[in-house]
Structure formats: C-alpha cells, structure tokens
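Asker: turn this into a structure:
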Amino acid sequence: MLSFLKNWLGKTPTQDEVKEQLKEESILSVDEAPSATDEPKQEQTAKNTVQGVATTLSLHESWEKKLGTQEKYALSFMAQELPPLEEGNLSLAGISMIPHEEGIEVTAFLRNGTNSPINLGKMTLLILFGDQELFTRQSFDLSEVGEIPPYSARPWTFVFNREHFLQVEVLLINWKIAFELAQKKVVLPQQLELEESWIKALTDEQKNNLIELAKKLPPLQHGEVNVQSVSVGKAEDGLRVMLLFRNGSDQSLSIERLPLTLYDAAGDKVAEGVFELGGLVVNANTSKPWLFIYPQESILKQEPDFTRWKVSVPQA
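Answerer: Residues are numbered from 1 along each chain as shown. Have a look, this model is predicted:
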C-alpha cells in the first residue's frame, strides 16, 4: 500500500513532486452520488462557491494503524496541494498507479466538498487514458471507505482486476481515475463514443453489451460509413431499437432526419417511421449509438420474430 510514498520517506516532498503525482480530478455533484444509506441527503449551506473550499486529510482507522508518521505527513502535504473544491461536490483525484497481482492498484483521494459527512454506496469507477479512452471499468462498494467528514480528503486504494481490461500493451502515462457518472464522454474500443446522457441512461448490462460489441466489430475501412444493429425489444412506449452509426471518414456526419423500416426474421415489415434527430453528429473516425422508439401506432406486426432482424432506409 502506498508504495509511491517510499521515494519521499526521509525527506520533505517538493511542491513540484507533489503536483507530478496528482492526476486530473473527476468531479461529481453530491446529489448524483449513491449513498450507502437510504437517508435523504442534507441540504448544503453555501460557502464561498467562487473560490471553492479546501479539504484536509482524513484517514480511515485501518490506514491510521498501518501508516507511519512520515507517510501520514506526506499524504497530508499532498492533500493540501489539491485545488479548491466547489461547494457541494465530490472529487476523485488519482495519485498513484502500480502493478498488482490481480491487475492494477490505484490510489486516489475521495474528497468531500460539503458541510456534512457523507457515506457513499456502490459506484462504477473508470480508468481513462488519452482522449477519454476507456481502459477499464469496475464497480466498487465505497461504503468500505467509511464516513468521510466535511471538507476532507480521504485516500483509498482500488484494485482493478485484469479480467476487465479492454486493452493490452497500452502506455498508461496520461491516465485518470473517474466516477462514471461524472463523465461527459467515454470512448470505448473502436472509437465508440458514449456521451453523458447515455452514460447516465444505460444500465450496466447495456454498457457491457456495447463494450463487447465494440471489441468484436471489425475496424472501419478508411472512408467507410455504416450502421450496425445492436438491440431490439418491446417496451411500454412501443419498440425500442438501438443502432450504432460508424463513421470511418475524415469528416463529421450530421443527420437531421432518418426514415427507418424494421423487419423481423420472416422478412415481414414490423414497423416504420421517420425520426427527427436534430442534427445527430457522428464525429470523423468514431462510432455513436442511438436509440429509436417506434410508437405503438407505427407497429404493423404485433408478434414479430426477432431471432434475426434488420432496419433499412426506404428507397424513395
């Protein structure tokens, strides 16, 4: 634990050495974070929201017992160098990544920028690199971190298991640990982009299905543009179809409206409609999923066979 501190033992780390260890923070509103209890979150009292609030070191009792005086001092010094945190927010700031027999071990500060103690629940954390590319994602029970006092920074170690790694032989120099819910964008394998609304709307199973799909898809040829069928299912509001737009060209693709007809395994027309997409943008050399909902009135076949299915753009 905290092997990165060994180089500092016996001397006072410089400000530059501390900043070298600290990674970009992942910021999440406390209202969005799952709690370890069912108790409603307390209202926060505003406190200097322009300049933010400072957080001081808080150690879990297990860390208090294991760490020596010099290690505690080094962590306290590092916590003081963290930038001010906006009132009402939580932060996850990575400070160390080292190999582990089960994968990688990441140490980070969990920071409480509220005027009340917090107890967190289960959350999915990500390791990102480069331009928000996903290296791995894993769920952790953050209730084990214990109660984090107001305006404090609590260090914790997370072991990301090798079985969840999406890529190998990646140089993780520019890395970041992040709350999944705090991300504005995540790039999956094959440059599949998930935007904030999708990150928050999809279930864990749906995200994992997209990741597995992205890993299996053949690379796009230069200039190739296609649409990949992902999933179809019945819902109260009609039929829901998820498609993946893949853009292998050097220019962004913008789609304002799209007529789509859905067919089942028998080749029967199941539903048809014209979808207003408001300028859906698929960036150059990326892929993006989109959900289409056929309302009940557009459904032409009530008991379709979806063992095989496809969608197509009707010819004029």
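Asker: I'd like the average pLDDT over stretch 23-36.
Answerer: Mean per-residue pLDDT for stretch 23-36: 85.
Asker: could you list the buried residues of it?
Answerer: K23, E25, S26, I27, L28, V30, A33, A36 (16 or more other Cβ atoms under 10 Å). All C-beta spots, glycine's among them, are computed from the backbone N, C-alpha and C.
Asker: my guess is the fifth one meets L90, correct?
Answerer: By that I understand L28. Yes: assessed by Cβ atoms under 8 Å, L28 is found in contact with L90 at 4.8 Å.
Asker: what sits up against stretch 191-202?
Answerer: Outside stretch 191-202, the residues that touch it by Cβ atoms under 8 Å, 6 or more residues apart in numbering are 180-181, 183-188, 207, 210, 214, 244, 283, 285-289.
Asker: just checking the distance from the helix or strand where K207 lies to the centre of its chain.
Answerer: K207 belongs to helix 204-216 when elements are defined using DSSP states H and E. With Cα atoms, centre = their mean, to the nearest Å as the basis, helix 204-216 stands 13 Å off its chain's centre.
Asker: overlap in contacts of L28 and L90?
Answerer: When Cβ under 8 Å, 6+ apart defines a contact, the residues bordering L28 and L90 alike are F179.
Asker: any buried residues in the helix holding K207, and which?
Answerer: Neighbour counts over helix 204-216 (16+ other Cβ under 10 Å) mark K207, L210, I211, L213, A214 as buried.
Asker: D237 and F275, how far apart?
Answerer: Using Cβ to Cβ, to the nearest Å, D237 is found at 14 Å from F275.
Asker: hmm, V270 is touching E303, no?
Answerer: No: contact criterion Cβ under 8 Å: V270 and E303 do not qualify, at 9.7 Å.
Asker: which of the two has more residues huddled nearby?
Answerer: A count of neighbours by other Cβ atoms under 10 Å puts V270 above the other of V270 and E303, at 24 against 6.
Asker: packing partners for the helix or strand where the more buried one lies?
Answerer: Secondary structure from DSSP H and E places V270 in strand 269-282. Strand 269-282 is packed against strand 238-247, strand 253-263, strand 286-294, with contacts defined by 3 or more Cβ pairs under 8 Å, 6 or more residues apart in numbering; DSSP states H and E.
Asker: out of those, which comes closest to E102?
Answerer: strand 286-294 (30.9 Å; Cβ to Cβ).
Asker: keeping just the C-alphas, turn the strand holding V270 into CSV.
Answerer: In CSV, the C-alpha atoms belonging to strand 269-282 read as follows (Å, rounded to 0.1, in the frame of the first residue of the first chain):
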residue,chain,number,x,y,z
LYS,A,269,-42.3,-5.3,-42.1
VAL,A,270,-42.7,-4.8,-38.3
ALA,A,271,-42.7,-1.0,-38.0
GLU,A,272,-41.8,2.1,-39.9
GLY,A,273,-41.3,5.7,-39.2
VAL,A,274,-39.4,8.9,-39.8
PHE,A,275,-37.2,10.1,-36.9
GLU,A,276,-36.2,13.7,-36.3
LEU,A,277,-32.6,13.6,-34.9
GLY,A,278,-32.0,17.3,-34.6
GLY,A,279,-28.6,17.1,-36.2
LEU,A,280,-27.1,14.0,-34.7
VAL,A,281,-23.3,14.3,-35.1
VAL,A,282,-21.0,11.3,-35.6
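Asker: what bits of the protein have low per-residue confidence?
Answerer: For the chain, applying pLDDT under 70 flags the ranges 1-21, 36-51, 315-316.
Asker: the residue nearest to L258 when sequence neighbours are not counted: neighbour count?
Answerer: Counting by Cβ to Cβ, 6 or more residues apart in numbering, L258 lies nearest to F275, which is 5.1 Å off, once chain neighbours are set aside. By other Cβ under 10 Å, 17 other residues sit near F275.
Asker: got it, and M97?
Answerer: 20.
Asker: now swap in P149 and tell me
Answerer: P149 has 15 nearby residues by other Cβ under 10 Å.
Asker: my guess is it contacts S58. True?
Answerer: Yes: between P149 and S58 a contact is recorded at 5.3 Å, counting by Cβ under 8 Å.
Asker: what sits against the closest residue to E32 other than its chain neighbours?
Answerer: Distance criterion Cβ to Cβ, 6+ apart; nearest residue to E32, sequence neighbours excluded, is L181 at 5.5 Å. Going by Cβ under 8 Å, 6+ apart, L181 touches L28, E32, A33, M123, T124, I199, K200.
Asker: among these, which one sits closest to W156?
Answerer: Nearest to W156 out of those is M123 (Cβ to Cβ; 11.9 Å).
Asker: ok, what's across the strand from the closest one?
Answerer: F140 (DSSP bridges).
Asker: so how far is P83 from it?
Answerer: Between M123 and P83 the computed distance is 22 Å (Cβ to Cβ).
Asker: who has more neighbours, those two?
Answerer: Set M123 next to P83 and count neighbours by other Cβ under 10 Å: M123 wins out with 20 against 12.
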